[in-house]
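[1] no sequence on hand, only this structure:
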């Protein structure tokens, strides 16, 4: 039988050597289509997953105050989009912080113009997920939700500091944190509902209420930082220039409470949401999300992702252009209505 950590090999097929050489010619970072990877199935061991922590580092770690750890998603040229390596490094650092007696609270923020614009749909497909998830339809959806549950189950609080784009998977990452503070520049939402399918983590009804969640799901429109706070998705909103200081101020207040009490305080709120059925609903949502990926519209849209450089961005820009045109039309109507009202009062 295979030794521990050994990759299982399939029988060599005729032409397999040519395929391997072609992939090597294209480089180790060769991409594959999101809709149809074209890659032979890889069997990954836990030893393989450790490699996600090596190589290029996608996080910057600092300690801005005693007992406060700050993680900066450091991929600004990609608006901090999530790939498997970044997620593995993020979970690893959070797990380390949870064991560190000199850390009581963690801040997660993004470098550059955005917090996190979602998953990197042009990322490498031939690397393992950060942790094993049962295979089958919906594996990725169950995997990412499991990651967010792990964050919720950590003893020490996590604060999301959101500015700029906080979309799709980025909004899920923020929502998995215990407190969320937005800058006025924040743009929070789930545009993939316009073309691909449901969120992997369908938390909007739980934090925004039915009507606001329905608007987000039926339009794919994003909320501003102030709207996110008013809807209940975020804890508060500050001017971008003050965001660093204000979030650090909150973190320092949290850090005044001993970690053993913080763990109980955090857990009590999560237990209340579990009693209401939140986790059961979120788990059921992963199956519905996987089903939505099989819809004809979703499959047709994802055929555009060749994984060979900026194909996802082009597809999204084309999709969203008609929504931008509609939004400009709404603004024009609102401006005309306001002008007419002002004229009638003269």
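    Received, thanks. Being a predicted model, the structure only gives us computed values, none of them experimental. Residues are numbered from 1 along each chain as shown.

[2] before we go further, residue 180 is sitting in a strand, right?
    Yes. Judged by DSSP: H, G, I helix; E, B strand; the rest coil, residue 180 forms part of a strand.

[3] which pLDDT value belongs to it?
    Here, the pLDDT recorded for residue 180 equals 98.

[4] again with residue 319
    84.

[5] contacting residues for it?
    Taking C-beta atoms under 8 Å, 6 or more residues apart in numbering, we find residue 319 in contact with 191, 194, 195, 301. Quick note: C-beta positions are derived from backbone N, CA and C, even for glycine.

[6] just checking, the last one is part of a strand?
    Meaning residue 301. No. Going by three-state DSSP, the assignment for residue 301 is helix, not a strand.

[7] need the pLDDT of it.
    Reading off the model, residue 301 has pLDDT 87.

[8] look over the contacts of residue 319 and name the one with the lowest pLDDT score.
    residue 301 (87).

[9] list the contacts of that residue.
    Applying C-beta under 8 Å, 6+ apart, the residues near residue 301 are 195, 196, 315, 319.

[10] can you tell me which of the contacts of residue 319 are in strands?
    The members of the contacts of residue 319 all map outside strands under DSSP state E.

[11] right, and out of the residues you listed, which lies closest to residue 153?
    Set against residue 153, the nearest of the contacts of residue 319 by C-beta to C-beta is residue 191 (28.9 Å).

[12] show me what contacts that closest one?
    Residue 191 touches 167, 168, 220, 222, 316, 319, 320, counting by C-beta under 8 Å, 6+ apart.

[13] can you list the weak-confidence ranges in the chain?
    1-41, 306-311, 325-346 (pLDDT under 70).

[14] quick one: secondary structure of residue 60?
    Once three-state DSSP is applied, residue 60 turns out strand.

[15] by contact count, what packs against the helix or strand that contains residue 230?
    Remark: residue 230 resides in helix 225-231, with elements defined by DSSP states H and E. Judged by 3 or more C-beta pairs under 8 Å, 6 or more residues apart in numbering; DSSP states H and E, the packing partners of helix 225-231 are strand 179-183, strand 187-189, strand 236-238.

[16] how about the helix or strand following the last one, which residues are buried there?
    Helices and strands here follow DSSP H and E; after strand 236-238, the next one along the chain is helix 240-254. Taking 16 or more other C-beta atoms under 10 Å as the neighbour-count basis, helix 240-254 is seen to contain the buried residues 243, 244, 246, 247, 248, 250, 251, 252, 254.

[17] same check on stretch 200-216?
    Quick answer for stretch 200-216 (16+ other C-beta under 10 Å): 200, 201, 202, 203, 204, 205, 206, 207, 208, 212, 213, 216.

[18] now, the most widely separated pair of those residues?
    200 and 212, at 19.5 Å, using C-beta to C-beta across these.
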